[in-house]
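Student: quick one: sequence plus predicted model below, questions after.
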Amino acid sequence: MRSRTRFTAALAGAALLSTMTVTAWTVTSATASSAPPPSATAAAVDGVARALGISADDARRDLQAQDRAHRVAAALPAPLQAQSSGKWFDPQRGLIVAVTTEAAAAQVHAAGAQPQLVKRGPAELGRLAGAVRTVVGKGVPGIYGWGVDVQANVVNVNVNTTRQTAATDAAVARLRALGSGVRLVHSDSQPRQQAGDIRTGSPWWPGTESNCSVGFAATDSAGGKHFLTAGHCTDNANQAAYGQSGQQNKIGTSNVGGTRSVNAPEGDMGVVAVTEAGWNLSASVNTWDQPAVTVTGSAEAMVGDRVCHSGNTSKWQCGVVKYTHKSVDYGGGMIIEDLTWTTACSLGGDSGGGWLLGDKAVGLHDGGPSSCVTNPTDGDLSIFQPVNEALAKWNLTLVTGSGGDTAAPTAPGNPRATATTANSVSLAWDAATDNVGVTAYDVYRGSALATTVTGLTATVNGLTADTAYSFTVQARDAANNSSGPTAALSVRTKPAGGSGRTFTSNTDYQIYDYNQLFSPVTSTATGSAASTVKLVVTINHTCAEDLGIFLVAPNGYLYAVKYNGGFTCTPWNGPVTFTVPSVFNPASGVWKLRVTDYGPGNTGVLDSWSITL
């Protein structure tokens with residue numbers, strides 16, 4: 001069995017949770033890992049900019065946003081992940097998590113990600129993926145790939161029209177009968193398992209065969225030296241491995257004992273034992289005259305990630321992850337499951353080379369197109385084996401080093417106050433610069449850290465009315481190098497009662513069973529809304545447990561206020577105060593209170609509500 005849980009198996013085994021019962025009405029926000037994200041290496045910035053046709057600044061911003069998305073993904077609660085239909089990275093929106101219920105969507109938002117409501121839950125996707133695998137069996141001519149497309153919320157099946165036969169037509173008919181949850185993607189090409197013509201991306205030669213590429217250096221529990229590469233490069237047991245063509249400059253032995261290579265449904269991964277004197281393991285990546293990269297750890301790639309790989313033929317190439325956990329059929333019975341498919345260029349001889357997410361190892365090169373193309377279709381994608389599975393299978397430890405970023409960012413400029421209330425101050429400043437990239441701004445109230453943000457604005461709450469405060473801002477990069485502070489900004493909060501940031505609706509709205517109502521309030525407040533918004537909601541209703549409440553921002557964004565649920569009805573008579581944390585909208589505009597009655601046989605009315613921004 002594979003050491004990493006298959007996505008399809010996890011989907012099939014996950015039960016779609018029903019609407020969650022929440023007894024506490026105050027919404028809280030999940031906190032992501034406090035560890036700093038990896039830096040955007042200069043080689044990755046250059047490679048992504050070249051691959052996507054964007055500027056270096058845009059590529060750097062994408063990579064920094066990608067790092068933040070991975071931190072949020074790692075902190076998602078396990079129950080929420082179990083009911084998710086998948087997740088992906090979007091450079092504009094960050095981490096996107098697909099769920100099927102509004103209750104789960106509220107949890108996604110509270111965890112710091114963006115929810116995407118979809119039709120099919122994980123159990124249904126798992127059922128469809130299993131049905132497709134049954135149709136494919138041991139291989140069907142022309143069908144070369146299948147797996148869940150998390151963004152489309154379907155199972156994709158790739159068909160090469162140039163290799164279509166009667167057997168293909170019969171299989172396609174069975175696949176179409178599975179319904180709209182299975183989507184056929186046609187092309188006139190398909191990936192192949194590459195061959196052909198100790199440092200990631202450098203060439204090595206298995207015996208008398210043509211070269212492959214080095215994946216990542218690793219050690220075993222006894223300190224033995226090894227490197228990871230592709231399984232189809234190490235399929236011969238106890239084969240000599242060389243660092244130069246013509247069986248010269250021996251490195252060691254690949255697939256020792258015949259137990260250190262896999263090229264089957266389980267994966268495409270192998271190990272070369274480094275036994276000869278003079279060979280040293282290195283965490284440095286061969287970036288082929290691009291800026292240096294040092295491997296600092298490993299990670300799992302997700303859809304939307306910007307990744308790069310190093311190989312002896314195509315050298316240093318970057319692209320975007322299109323699919324994860326997707327199977328491929330190379331023909332001749334060679335089916336491999338749970339691979340990652342990307343838009344990056346690759347060529348024969350790259351096999352086994354390392355794939356990276358920034359400075360983190362993510363994969364070993366498996367296969368790809370016969371030639372690189374612009375705007376590749378599914379049949380022209382490059383494919384890699386996730387590296388963590390290989391490390392775990394053979395109990396190996398990745399050789400890592402330090403990224404070496406010691407340069408601090410410049411200090412942010414022009415600190416200023418944009419909206420001041422009796423108990424909060426909203427601040428803004430101009431961006432700092434850094435040799436790699438700024439990842440955070442720390443806002444200090446006097447000498448105390450008040451808040452940390454990733455953008456160029458922040459609101460400090462919990463202040464005393466009619467009181468003078470001093471604020472400074474410092475920039476920080478991924479290596480935790482901090483800039484000097486801005487000039488101190490002195491701000492005095494407004495007197496109590498003079499904020500003018502509470503707005504009220506006194507219009508009555510009847511609450512009907514299984515119906516939804518929206519009560520609007522127009523805010524004329526300036527600047528940003530408080531990071532924690534206060535609501536006072538007055539309702540008379542015979543069953544509070546039937547009611548679910550969301551706050552709708554002027555741009556349509558939903559903030560969970562109260563979930564429905566419970567077996568015993570209790571009345572709601574009078575005002576109840578709620579707090580909504582992690583609000584990031586401008587204060588002005590029309591805010592709405594959405595009240596939904598999810599139960600039968602009860603009546604009530606929304607008397608009034610107020611919002612303090």
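Tutor: Noted; the coordinates are in hand.
Student: tell me where the stretch 51-200 of the chain has helices.
Tutor: Per DSSP state H, counting those that start in this stretch, the stretch 51-200 of the chain carries helices over the ranges 56-74, 78-82, 102-110, 122-136, 166-176.
Student: tell me which of the ones you listed sits nearest to Gln474.
Tutor: helix 56-74 (17.3 Å; Cβ to Cβ). Backbone N, C-alpha and C define where each C-beta goes, glycine included.
Student: and that closest one, C-alpha only, in PDB?
Tutor: Presented in PDB, the C-alpha positions along helix 56-74 are these (Å, rounded to 0.1, in the frame of the first residue of the first chain):
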ATOM      1  CA  ALA A  56       9.000  39.600 -11.800                       C
ATOM      2  CA  ASP A  57       7.000  41.700  -9.300                       C
ATOM      3  CA  ASP A  58       3.800  39.900 -10.200                       C
ATOM      4  CA  ALA A  59       5.500  36.500  -9.900                       C
ATOM      5  CA  ARG A  60       6.900  37.400  -6.500                       C
ATOM      6  CA  ARG A  61       3.500  38.500  -5.300                       C
ATOM      7  CA  ASP A  62       2.000  35.200  -6.600                       C
ATOM      8  CA  LEU A  63       4.600  33.200  -4.800                       C
ATOM      9  CA  GLN A  64       4.200  35.100  -1.500                       C
ATOM     10  CA  ALA A  65       0.400  34.600  -1.700                       C
ATOM     11  CA  GLN A  66       1.000  30.900  -2.400                       C
ATOM     12  CA  ASP A  67       3.100  30.600   0.700                       C
ATOM     13  CA  ARG A  68       0.400  32.200   2.800                       C
ATOM     14  CA  ALA A  69      -2.200  29.900   1.200                       C
ATOM     15  CA  HIS A  70      -0.200  26.800   2.200                       C
ATOM     16  CA  ARG A  71       0.100  28.000   5.800                       C
ATOM     17  CA  VAL A  72      -3.700  28.400   6.000                       C
ATOM     18  CA  ALA A  73      -4.200  25.000   4.400                       C
ATOM     19  CA  ALA A  74      -2.000  23.300   6.900                       C
END
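Student: pLDDT (mean, whole number) over that helix?
Tutor: For helix 56-74, the mean per-residue pLDDT is 91.
Student: what comes up buried for that helix?
Tutor: 59-73 (16 or more other Cβ atoms under 10 Å).
Student: check stretch 550-564 too.
Tutor: Counting neighbours by 16+ other Cβ under 10 Å, stretch 550-564 gives 550-554, 558-564 as buried.
Student: next structured bit after the helix or strand Thr452 falls within?
Tutor: Per DSSP states H and E, Thr452 falls inside strand 448-453. Next helix or strand after strand 448-453 toward the C-terminus (DSSP H and E): strand 457-460.
Student: chain center to that next one: distance?
Tutor: 26 Å (Cα atoms, centre = their mean, to the nearest Å).
Student: list of residues touching that strand?
Tutor: Here strand 457-460 makes contact (Cβ atoms under 8 Å, 6 or more residues apart in numbering) with 418, 424-428, 441, 443, 445, 450-451, 469, 471, 473, 528, 530-531.
Student: parallel or antiparallel, list what pairs with it.
Tutor: strand 425-430 (antiparallel) (DSSP bridges).
Student: tell me which strands the helix or strand following the partner strand pairs with, and in which orientation.
Tutor: Once the chain leaves strand 425-430, the next helix or strand it forms, by DSSP H and E, is strand 438-445. Sheet pairing for strand 438-445, assigned by DSSP bridges, gives strand 448-453 (antiparallel), strand 468-477 (antiparallel).
Student: of these, which is nearest His325?
Tutor: strand 468-477 (32.8 Å).
Student: how about the helices of the stretch 51-200 of the chain in TSV, adding distance to Ser582?
Tutor: Compiled in TSV, those are given as follows (distance: least, Cβ to Cβ, whole Å):
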stretch	distance to Ser582
helix 56-74	12
helix 78-82	16
helix 102-110	7
helix 122-136	26
helix 166-176	43
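Student: got the buried residues for stretch 605-613?
Tutor: 606-613.
Student: and stretch 262-280, C-alpha only, in CSV?
Tutor: C-alpha atoms of stretch 262-280 as CSV (Å, rounded to 0.1, in the frame of the first residue of the first chain):
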residue,chain,number,x,y,z
VAL,A,262,8.7,1.4,-7.8
ASN,A,263,7.3,2.0,-11.3
ALA,A,264,3.7,0.7,-11.0
PRO,A,265,0.3,2.0,-9.8
GLU,A,266,1.9,2.7,-6.4
GLY,A,267,4.1,5.4,-8.0
ASP,A,268,7.3,6.2,-9.9
MET,A,269,10.1,6.6,-7.5
GLY,A,270,13.5,5.0,-6.7
VAL,A,271,16.6,5.3,-4.6
VAL,A,272,20.3,5.4,-5.6
ALA,A,273,22.8,4.5,-2.8
VAL,A,274,25.8,6.9,-2.9
THR,A,275,28.7,4.7,-1.9
GLU,A,276,31.8,6.0,-3.7
ALA,A,277,34.3,8.2,-2.1
GLY,A,278,34.4,11.9,-3.1
TRP,A,279,30.6,12.2,-3.6
ASN,A,280,29.0,14.7,-1.1
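Student: any idea how far that stretch is from the chain center?
Tutor: 29 Å.
Student: please point out which parts of that stretch sit buried.
Tutor: 262-263, 266-274, 276, 279.
Student: quick one: closest of the helices of the stretch 51-200 of the chain to Ala240.
Tutor: Among the helices of the stretch 51-200 of the chain, helix 122-136 sits nearest to Ala240 (Cβ to Cβ), with 37.3 Å.
Student: how far does that closest one sit from its chain's centre?
Tutor: 24 Å.
Student: between that helix and helix 166-176, how big is the angle?
Tutor: Helix 122-136 and helix 166-176 are oriented at 160 degrees to each other (axes from the mean of the first three to the mean of the last three Cα atoms, to 10 degrees).
Student: quick one: which of the buried residues of stretch 605-613 is nearest to Ile383?
Tutor: Distances from Ile383 to the buried residues of stretch 605-613, taken by Cβ to Cβ, are shortest for Leu613, at 49.8 Å.
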